[in-house]
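> Okay, predicted coordinates and the sequence, questions at the end:
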Amino acid sequence: MSVIFFACVVRVRDGLPLSASTDFYHTQDFLEWRRRLKSLALRLAQYPGRGSAEGCDFSIHFSSFGDVACMAICSCQCPAAMAFCFLETLWWEFTASYDTTCIGLASRPYAFLEFDSIIQKVKWHFNYVSSSQMECSLEKIQ
């Protein structure tokens with residue numbers, strides 16, 4: 001069961017999307033949450049390092065460290081601990097792949113779109129790993 005639907009990596013200072021998952025849902029509710037995520041991305045520098053916005057069907061989670069923030073749209077059934085573990089894993093993968101100079105010099109949206117393959121692998125792991133394994137890991141984290 002998919003609980004993480006969409007993920008993106010943005011530059012904190014200006015909200016520039018650096019990479020994003022290329023598969024997403026086209027329901028009206030989901031598109032509204034994508035608009036909210038984009039709006040939030042533009043103001044990330046004003047917020048603390050982690051946060052969530054929750055609705056009936058979806059929630060947005062974000063986690064920023066330094067120049068880069070990772071954001072996700074998840075099902076409301078997705079535990080916050082799982083979402084933040086997912087975002088931290090994405091952050092580690094992204095910062096291991098690209099240095100701060102490249103990130104700072106990026107001038108166009110989705111300059112690192114090739115990172116989508118990593119997003120897909122991490123998303124698949126968090127969405128489809130056995131529920132008993134995930135439950136045990138989440139208990140340790142919480």
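Everything's here; your move.
> ok, C70 touching L87?
Yes: applying Cβ atoms under 8 Å, one finds C70 in contact with L87, separated by 4.2 Å. Any C-beta I mention is one placed from the backbone N, CA and C, and that applies to glycine too.
> which residues do those two both contact?
A7, F62, S63 (Cβ atoms under 8 Å, 6 or more residues apart in numbering).
> quick one: what helix or strand has the second one in it?
Same thing as F62. Following DSSP states H and E, one finds F62 within strand 58-65.
> ranges for the strands of the chain?
4-11, 17-20, 50-54, 58-65, 68-75 (DSSP state E).
> Out of those strands, flag the one nearest V129.
Distance to V129, taken as Cβ to Cβ, is lowest for strand 4-11 among those, at 11.5 Å.
> coming back round to it: got the buried residues for the strand holding F62?
For strand 58-65, the neighbour count (16 or more other Cβ atoms under 10 Å) marks F58, S59, I60, H61, F62, S63, S64 as buried.
> any idea how far that strand is from the chain center?
Relative to the chain's own centre, strand 58-65 is displaced by 6 Å; criterion: Cα atoms, centre = their mean, to the nearest Å.
> Can you give the contact residues for it?
So strand 58-65 is contacted by 5, 12, 29-30, 33, 36-37, 40, 44, 47, 49-53, 69-76, 78, 80, 83-84, 87-88, 91, 95 (Cβ under 8 Å, 6+ apart).
> picking up where we left off before, among the strands of the chain, which is nearest Y110?
The closest of the strands of the chain to Y110 is strand 17-20. By Cβ to Cβ, the value is 5.8 Å.
> And for the closest one, what's in contact with it?
With contact meaning Cβ under 8 Å, 6+ apart, strand 17-20 is reached by 6-11, 38, 41, 68, 94, 103, 106, 109-116, 119.
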